[in-house]
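Undergrad: next come a sequence and a model predicted from it.
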Amino acid sequence: MRNPFLAVALAVPLVIGGLALGVLPAEAAGHTVTIQGHKFKPAKLTVAKGDTITFINQDSAPHTATANDGAFDTGRLSTGKRATVTVSAAGAHAYICKIHPSMKGTVTVH
Ligand SMILES: [Cu+2]
């Protein structure tokens, strides 16, 4: 195609049409878990494969969200910091805060 603008003009409706028809995979959904009062909120979350989860630390203490099975790990999040993880393994993934192991949550992936 010689005209790149025409190529874009043609491609955009094709992509939108593909999404509407379910031919193309829909964009992954984003979920948020807030860490506050030494608790994960929500502590139980169900997501689809490929979705992202953003953990936001709103505590004065540092925290992590670390899956026991290694499915994800935010690393240390100090106050106000966030980390986004993508979980692709199906099943229930229990996780804890490595710094405060009594903090617990579960991410279930379908
Ligand atoms: Cu913690």
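TA: Sure thing, it's come through. Just so we're clear, the structure is a prediction, and the values are computed from it rather than from any experiment. Numbering: from 1, shown residues only.
Undergrad: in the strand or helix carrying A92, what's buried?
TA: Assigned by DSSP states H and E, A92 falls within strand 91-96. By neighbour count on 16 or more other Cβ atoms under 10 Å, the buried set for strand 91-96 is H93, Y95, I96. For the C-beta atoms, the positions are set from N, CA and C on the backbone; glycine is no exception.
Undergrad: so what sits opposite the first one in the bridge?
TA: Per DSSP bridges, residues listed as beta-bridge partners of H93: V107.
Undergrad: now do the same contact list for R82.
TA: T54, F55, I56, N57 (Cβ atoms under 8 Å, 6 or more residues apart in numbering).
Undergrad: again, only using 6 Å
TA: T54, I56 (Cβ atoms under 6 Å, 6 or more residues apart in numbering).
Undergrad: and what of A67?
TA: Here A67 is in contact with H93, Y95 (Cβ under 6 Å, 6+ apart).
Undergrad: quick one on the thing from earlier: turn the buried residues of strand 91-96 into CSV, including pLDDT and distance to the ion.
TA: Shown next, in CSV, are these (pLDDT from 0 to 100; distance: Cβ to the ion, whole Å):
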residue, pLDDT, distance to the ion
H93, 98, 17
Y95, 98, 11
I96, 98, 8
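Undergrad: kindly reformat these as CSV containing distance to K49.
TA: Listed next are those as CSV, based on distance: Cβ to Cβ, whole Å:
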residue, distance to K49
H93, 12
Y95, 17
I96, 23
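Undergrad: buried set for stretch 65-85?
TA: A65, T66, A67, A71, F72, T74, L77, K81, A83, V85.
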